[in-house]
Structures are given as C-alpha cells and as structure tokens.
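A.B. asks: Okay, structure incoming, though there's no sequence with it:
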C-alpha cells in the first residue's frame with residue numbers, strides 16, 4: 001500500500017511539472033492573450049505595471065521544489081516569458097521572485113517599434129475646425145450653452 005501511495009504521489013508530481021512545462025512550450029513570443037489563457041488557464045498570480053500584464057504560474061515539482069512560468073502580455077500579445085525553478089519549503093507562493101520590470105518594459109518597447117499602433121484615433125483637426133464643430137453642436141441642440149462654453153474653454157486651454 002505504501003508503495004502504491006508513493007508511486008501515485010510521484011506520478012502526480014511529475015505530471016504536474018511536465019504539464020506546466022509542456023503548456024509553456026506551446027506558447028511563443030507573439031502569441032495572443034487568448035492563446036495564453038487557452039493554453040495555461042487562469043493565472044493564479046496576476047499583476048499589471050505600465051500596461052503590461054504579468055501572468056504567473058507555479059506548481060510543486062518535487063518535495064520543497066517549485067516550477068515557475070511567467071508570461072508578460074502587452075497590447076494583447078505575449079512579449080516576454082520567463083521560467084525558473086526554486087526550492088521552497090513554505091510553498092510555491094513564497095518562492096515567487098520579484099519581477100524585473102526593466103526587462104519586461106524593454107520587451108514592450110521593442111514590440112512597439114516592430115508593431116506601431118496603426119489604429120490611432122484620427123487627429124481631431126485644427127482648433128478652428130473643432131471650434132466650428134462645437135458651434136454646430138450648440139446650434140443643433142446637441143450641446144447646451146453651458147456645455148458649449150465648458151467644451152470651448154477646455155479646447156482653448158489644452
């Protein structure tokens with residue numbers, strides 16, 4: 001009976017580690033946020049810093065030993081991934097390393113350079129055009145006099 005429990009425990013530990021590793025290898029830089037969610041499932045540890053989402057996963061890979069996988073998503077795209085193993089007798093949560101945001105933000109900047117935003121909002125036009133549009137909105141009743149004055153003041157001060 002003891003042998004059976006030991007073998008079952010070993011099997012669970014090995015498959016949990018390899019499944020996290022196997023899942024992680026399915027994802028490449030450039031994978032979508034939806035792909036990461038589909039492959040890895042919900043991230044138990046999530047953080048956001050400067051528009052970059054950190055999705056972190058941890059599993060017990062052996063007695064006092066944890067396997068960590070981290071995915072950093074920017075503009076719905078995987079821009080950086082990291083993995084490490086660490087001994088932790090207090091559980092995997094206690095073994096999470098601090099995030100080096102400099103590396104992650106550099107990866108996001110590189111992504112921006114390779115993929116400039118193409119769907120930027122159109123420029124609103126000249127200030128004269130914007131004032132004319134506000135005036136037309138006031139005349140049509142879309143803006144009250146108070147709203148018009150406020151919008152005009154905002155436009156002229158920015």
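C.D. replies: Perfect, I can see it now. Remember, predicted model here, so these are calculated numbers, not experimental data.
A.B. asks: mind listing what residue 51 touches?
C.D. replies: By CB atoms under 8 Å, 6 or more residues apart in numbering, residue 51 lies in contact with 74, 75, 108. Every C-beta, even on glycine, is put in place using the N, C-alpha and C of the backbone.
A.B. asks: Out of those residues, which comes closest to residue 56?
C.D. replies: The closest of the contacts of residue 51 to residue 56 turns out to be residue 74 (CB to CB; 15.4 Å).
A.B. asks: and the closest one, how many neighbours does it have?
C.D. replies: Neighbourhood size, residue 74 [other CB atoms under 10 Å]: 21.
A.B. asks: For the contacts of residue 51, could you give me TSV that also reports pLDDT and secondary structure?
C.D. replies: Formatted as TSV, the contacts of residue 51 follow (pLDDT from 0 to 100; DSSP: H, G, I helix; E, B strand; the rest coil):
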residue	pLDDT	secondary structure
74	96	strand
75	92	coil
108	94	helix
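A.B. asks: As a markdown table, these with distance to residue 54 would be great.
C.D. replies: A markdown table is the format used below for the contacts of residue 51 (distance: CB to CB, whole Å):
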| residue | distance to residue 54 |
| --- | --- |
| 74 | 10 |
| 75 | 14 |
| 108 | 12 |
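A.B. asks: Could you let me know which of the residues you listed ends up closest to residue 42?
C.D. replies: Nearest to residue 42 among these is residue 74, at 19.2 Å by CB to CB.
A.B. asks: Show me what the closest one bridges to in the sheet.
C.D. replies: residue 52, residue 77 (DSSP bridges).
A.B. asks: surely it meets residue 106?
C.D. replies: No - assessed by CB atoms under 8 Å, residue 74 is found out of contact with residue 106, at 11.1 Å.
A.B. asks: What are the boundaries of the helices in this structure?
C.D. replies: 2-25, 33-40, 101-114, 127-140, 145-157 (DSSP state H).
A.B. asks: Now render the ones you listed as a markdown table, adding mean neighbour count and distance to residue 63.
C.D. replies: Conversion of these to a markdown table gives the following (neighbours: other CB atoms under 10 Å; distance: least, CB to CB, whole Å):
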| stretch | mean neighbour count | distance to residue 63 |
| --- | --- | --- |
| helix 2-25 | 12 | 8 |
| helix 33-40 | 16 | 24 |
| helix 101-114 | 14 | 31 |
| helix 127-140 | 13 | 67 |
| helix 145-157 | 12 | 63 |
